[in-house]
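1. Need a 3D model of the sequence below.
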Amino acid sequence: MSADPNNYASDMSRLQMEISVAEFFEKNRHLLGFENPTKAMLTCVREAVDNSLDACEEAKILPEVYVEIKGVNGSEDHYLIVVEDNGPGIVKSEVPYVFGKLLFGSKFHRLKQSRGQQGIGISGAVLYAQLTTGKPTRVYSRVGDGKVYVFDVMIDTQKNEPRILNYMELDSEGHGVRIEMEIKGRYVRGRQSVLEYLRAVSLMNPFAQIVFVEPNGNELVFERKIEELPPEAKEIKPHPHGIEFGMFLRMLKDTKAKTLVNFFVNEFSRVGKDTAMEICALAEISPDRTPQRITREEAERIWDVVQKMKFYAPPTNCLSPVGSEAIEKSLKAEFNPEFVAAVSRKPSVYRGNPFLVEVGIAYGGDLDPEGPVTIYRFANKMPLLYQQPACVITRAIADVDWKRYGLSQPSGSLPYGPLAIAVHFASVWVPYTSEGKEAIAAYPEIMKEIKLTLQEVGRKLSTYLSAKKREKMRQRRISIFMRYSPEVVAAIHKLTCVDEKTVEEAITNLLRTKGLHNKEETEAVVEDVVQEAEEVEDIIEGVEDKDVDSGQESKGLKEKRIEDINEGVKFQSNPPADVTENDSTIESREGKNENKGNDEDASTPSTLKKWMVIE
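-> Next comes the predicted model:
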């Protein structure tokens, strides 16, 4: 006998209940980047460092960040993470909510470039800490009022509200925040480690000084490379082409504007009074209508007009690029390369959101000459270490034809060579593929701008490599010529009766002015050739001279030969038969290539390190 549907529905209704966002992420922590112990440790450090750098930049303070990881009771998977900064601090009333409530923050509703944007980063780390160790996170905050406020914070996951287990207020000067959290994790070195993350942070944040103490006590200092902050990002209003219809309806209901014209002028960027009047006229709605009384059908007519109209691009002062000069300084300090170049493109727009792309490359130096190029991906100045294949940056790099710029590249793959490519995507809203903020979505506008920037910097690399190849070929031709200089000197002596030493000096001077760069290099090559000539002196002496009667040879022929010798390119000597073919083959191959080529020992800053540790 089947159950009564009415009773079944009633029973099911009693099971329905609200789920808090903290409870959701407690069961789905992998969505926030806590899917394994190694990645979890990196995510905790990343979220704290992101907040520190954002706070310092907004307060116009050159950042000093101290990061320490140490084992707890000798355990191999239990660590204490300490992150400390010299930022402005957090006021006492806000500390519990910043660290103990998910989706609480100041950046979600602002249209300006910042590292954080969702309000679940550092509170997610606090949630992971209490989930794996059952211990609260200790937060110290100083705001320059002579006090330090100390909180032991946990999260009530059922209510998504902070729980304060302990609170202290002590005397302390200065400003900044210090976080101490115990987690279950794993510390490793390698490509996706905390160390490499901080190294990459230093690369795209050259104005910051970062001190890192590893679990074994080893201290590394990533020094500040420039002494000024990047330009400050300004908050802007949404662009008409950057919102969805549902958001437009909500804005109509929430606005404080009294008329429809004022609504467009006050709530959107790049919309003036004349443009607002035109929108109302095309939608056949009075410009004096009250926005809250606009019906859905009327709103849809207005929306259709807005989507068809053309507006100026949104303002770009909401972005804060690193700058090509600063990127080049970072690359030089990190890789000691033989060549660096950086390009910062003009801002563009996707879905009404301004963005810009910056690319820096370093070639040679300490980079691996055999393997694939090293890629550094950044979103709003912060590194992306995971999900590289899924990121639009990686796809754009693979799509560029790097063979045109002098690198080898398997079909449909990344290029190979001693090259590091750093790509920075800056926007008021980064379209991450997941809440873990590990990869950027492949919008066509973003893909296009990244490829254009890569191609622009690739042309700079091609120019350098072509010049390098031509110089190498020139030096090689000179060395080949010098190999037979004793025969050249002897021949000229026979033809002109000029002293051999004088002839040798003349040839050396010719190479010095038209060939080699300096006297020392020329003399070194000459000395090598002389030694080689001495080793085969017995053989040369055994070879009979050609029966050339200089008296019978025409004067014009002599002058022509001397002219050819001085030019250094047309003289036809008689080298041994066993090397003639090889040398000509070398020169032929080089000519083809030329044508083708044309197509920590530093101390911890005194302002940091244990300034608020309480025994």
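
2. in the stretch 1-150 of the chain, which spans are helices?
-> 5-15, 21-27, 37-58, 95-100, 121-133 (DSSP state H, counting those that start in this stretch).

3. could I get the ones you listed as TSV with mean pLDDT and distance to residue 84?
-> Quick note: C-beta positions are derived from backbone N, CA and C, even for glycine. As requested, the helices of the stretch 1-150 of the chain are exported to TSV (pLDDT from 0 to 100; distance: least, Cβ to Cβ, whole Å):
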stretch	mean pLDDT	distance to residue 84
helix 5-15	70	46
helix 21-27	80	26
helix 37-58	92	8
helix 95-100	92	15
helix 121-133	91	14
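
4. Out of these, the one nearest residue 242 is which?
-> In terms of Cβ to Cβ, the element of those nearest to residue 242 is helix 37-58, at 22.4 Å.

5. tally of neighbours for residue 449?
-> 23 (other Cβ atoms under 10 Å).

6. and the next element down the chain from the host helix or strand of it?
-> Assigned by DSSP states H and E, residue 449 belongs to helix 444-483. For helix 444-483, the succeeding helix or strand toward the C-terminus, using DSSP H and E, is helix 485-496.

7. And whichever helix or strand comes after that next one, what's buried?
-> Once helix 485-496 ends, the next helix or strand along the chain (criterion: DSSP H and E) is helix 500-514. For helix 500-514, burial by neighbour count (16 or more other Cβ atoms under 10 Å) applies to 503-504, 507-508, 511-512.

8. same deal with stretch 194-211?
-> 194-211.

9. and the helices of the stretch 1-150 of the chain as CSV, adding mean neighbour count and distance to residue 80?
-> As requested, the helices of the stretch 1-150 of the chain are exported to CSV (neighbours: other Cβ atoms under 10 Å; distance: least, Cβ to Cβ, whole Å):
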stretch, mean neighbour count, distance to residue 80
helix 5-15, 9, 41
helix 21-27, 17, 22
helix 37-58, 23, 11
helix 95-100, 23, 16
helix 121-133, 24, 10
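
10. Quick one: closest of the ones you listed to residue 411.
-> helix 37-58 (32.0 Å).

11. So which residues of the stretch 51-200 of the chain form strands?
-> In the stretch 51-200 of the chain, the segments counted as strands under DSSP state E, counting those that start in this stretch are 64-71, 78-85, 137-143, 147-156, 161-171, 175-184.

12. right, and those - which one's nearest residue 260?
-> strand 161-171 (39.8 Å).

13. okay, the angle between that closest one and strand 147-156?
-> For strand 161-171 against strand 147-156, the angle by axes from the mean of the first three to the mean of the last three Cα atoms, to 10 degrees is 160 degrees.

14. Report the buried residues of strand 161-171.
-> For strand 161-171, a neighbour-count test (16+ other Cβ under 10 Å) marks residue 162 as buried.

15. Which of the buried residues of helix 500-514 scores worst on pLDDT?
-> Taken together, those show their lowest pLDDT at residue 512, with 66.

16. so residue 136 touches residue 155, yeah?
-> No - with contacts counted by Cβ atoms under 8 Å, residue 136 stays clear of residue 155, the gap being 9.4 Å.

17. Skipping its backbone neighbours, what lies nearest residue 450 in space?
-> Nearest residue to residue 450, sequence neighbours excluded (Cβ to Cβ, 6 or more residues apart in numbering): residue 396, at 4.0 Å.

18. just residue 206 next, same as before
-> residue 225 (3.8 Å).

19. Helix or strand for the one you found, just tell me which one.
-> Applying DSSP H and E, one finds residue 225 in no helix or strand.

20. Would you mark the buried spots in the helix holding residue 449?
-> 446-447, 449-455, 457-458, 460-462, 464-466, 468-469, 473, 477-478, 481-483.

21. And for stretch 427-441?
-> Applying 16+ other Cβ under 10 Å to stretch 427-441 flags 427-432, 435-440 as buried.

22. Format these as CSV; extra columns: pLDDT, secondary structure and distance to residue 175.
-> Putting the buried residues of stretch 427-441 into CSV (pLDDT from 0 to 100; DSSP: H, G, I helix; E, B strand; the rest coil; distance: Cβ to Cβ, whole Å) gives the following:
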residue, pLDDT, secondary structure, distance to residue 175
427, 92, strand, 30
428, 88, coil, 28
429, 88, coil, 30
430, 90, coil, 29
431, 91, coil, 34
432, 90, strand, 31
435, 74, coil, 31
436, 75, coil, 31
437, 83, coil, 27
438, 88, coil, 32
439, 93, coil, 35
440, 95, strand, 34
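
23. Tell me how far the residue nearest to residue 26 when sequence neighbours are not counted lies from residue 322.
-> Distances taken as Cβ to Cβ, 6+ apart place residue 157 nearest to residue 26, at 5.0 Å, with adjacent residues excluded. Distance from residue 157 to residue 322, counting by Cβ to Cβ, to the nearest Å: 38 Å.

24. Those two: which has the busier surroundings?
-> Ranked by neighbour count (other Cβ under 10 Å), residue 157 and residue 322 place residue 322 first, with 24 against 20.

25. That one: what's it in contact with?
-> Residue 322 makes contact with 204-206, 230, 344, 358, 381, 424, according to Cβ atoms under 8 Å, 6 or more residues apart in numbering.

26. Filter those down to just the ones in strands.
-> When DSSP state E defines the strands, the subset of the contacts of residue 322 inside them is 344, 358, 424.

27. export the residues you listed to TSV and tack on distance to residue 492, neighbour count and pLDDT?
-> Shown next, in TSV, are the ones in strands among the contacts of residue 322 (distance: Cβ to Cβ, whole Å; neighbours: other Cβ atoms under 10 Å; pLDDT from 0 to 100):
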residue	distance to residue 492	neighbour count	pLDDT
344	56	20	93
358	58	24	96
424	60	26	96
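
28. hmm, back to that, report the rounded mean pLDDT for the helix holding residue 449.
-> 88.

29. same deal with stretch 144-160?
-> pLDDT averaged over stretch 144-160 gives 93.

30. Buried residues in that stretch, which are they?
-> By 16+ other Cβ under 10 Å, the buried positions in stretch 144-160 come out as 147-155, 157, 160.

31. Now find how far off-centre that stretch is within its chain.
-> Centroid separation between stretch 144-160 and its chain, computed with Cα atoms, centre = their mean, to the nearest Å, is 34 Å.

32. any weak-confidence spans in this protein?
-> 1-6, 13, 17, 105-110, 116-119, 512-615 (pLDDT under 70).
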